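**Student:** Kindly generate the corresponding structure for this input.
(one chain, ligands or ions: 1)
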Amino acid sequence: MATNRTFTMIKPDAVENGHIGGILSMITEAGFRIVSLKLTQLTTADAKAFYAVHSERPFYGELVEFMSRGPIVAAILEKDNAVEEFRKLIGATNPADAVEGTIRKKYATSVGENAVHGSDSDENAKIEGDFFFN
Ligand code: CMP
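**Tutor:** Numbering: from 1, shown residues only. The predicted structure follows:
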């Protein structure tokens with residue numbers, strides 16, 4: 001059964017470009033409640049650990065460098081069926097494929113620098129939330 005929590009990060013590109021407020025507005029206007037929230041910065045080791053599942057992918061090095069280059073906002077969000085609902089709100093990984101009205105359509109610039117993260121399962125939402133809020 002679906003839980004009602006998911007985990008998100010506003011990534012360094014979106015923070016650098018001044019989009020924290022705009023993205024948080026889209027999140028709350030979509031009916032998510034912010035349970036936990038913090039501005040922080042990943043070390044290289046943190047980013048490697050968070051994205052360990054992608055360590056064999058060709059873009060892993062680029063991803064780790066990007067995610068640790070500046071501040072991010074980490075948050076736990078609550079809504080019915082949160083994981084699935086939030087993935088609809090953020091849109092496709094590649095902003096070129098993201099539909100109108102999604103966060104990535106509005107704020108992402110490329111498949112690598114795609115503004116926001118959203119957990120892909122209830123299990124990962126718990127693991128990822130615990131990574132930042134313990
Ligand atoms: P996200 O889905 O939040 O988590 C995995 C991240 O890897 C993804 O966002 C992108 O930031 C990044 N990513 C996925 N595919 C590529 C790619 N082809 N090239 C560069 N980065 C990618």
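**Student:** Which residues are in contact with the most centrally placed residue in the chain?
**Tutor:** Residue closest to the average C-alpha location in the chain (CA atoms, centre = their mean): residue 117, at 1.7 Å. Neighbouring residues of residue 117 by CB atoms under 8 Å, 6 or more residues apart in numbering: 7-9, 11. In this view, the C-beta of every residue, glycine as well, is placed from N, C-alpha and C.
**Student:** Against residue 69, how distant is it?
**Tutor:** 15 Å (CB to CB, to the nearest Å).
**Student:** again, but for residue 112
**Tutor:** Counting by CB to CB - residue 112 and residue 69 are separated by 12 Å.
**Student:** Output the set of residues of this structure in proximity to the ligand.
**Tutor:** 54, 59, 62-63, 93, 111-112, 114, 117 (CB under 6 Å from any ligand atom).
**Student:** one step back: just grab the bridge partners of the residue nearest to the centre of the chain for me.
**Tutor:** Bridge pairing for residue 117 (DSSP bridges) gives the partners residue 9.
**Student:** Can you check what pLDDT the model gives it?
**Tutor:** Note on residue 117: pLDDT of 98.
**Student:** And for residue 41?
**Tutor:** 98.
**Student:** Ok, the one 3 residues further on next?
**Tutor:** Listed pLDDT for residue 44 reads 98.
**Student:** Near it, how many other residues are there?
**Tutor:** 12 (other CB atoms under 10 Å).
**Student:** Any figure for the gap between the closest residue to it other than its chain neighbours and the ligand?
**Tutor:** With CB to CB, 6 or more residues apart in numbering as the criterion, residue 44 has its nearest non-adjacent residue at 5.0 Å, and that residue is residue 68. If you measure residue 68 against the ligand using CB to the nearest ligand atom, to the nearest Å, the figure is 13 Å.
**Student:** and residue 68, how many neighbours?
**Tutor:** So residue 68, with other CB under 10 Å, has 18 neighbours.
**Student:** any idea how far it is from residue 41?
**Tutor:** From residue 68 to residue 41 the distance is 7 Å (CB to CB).
**Student:** Please consider this matter closed, and thank you.
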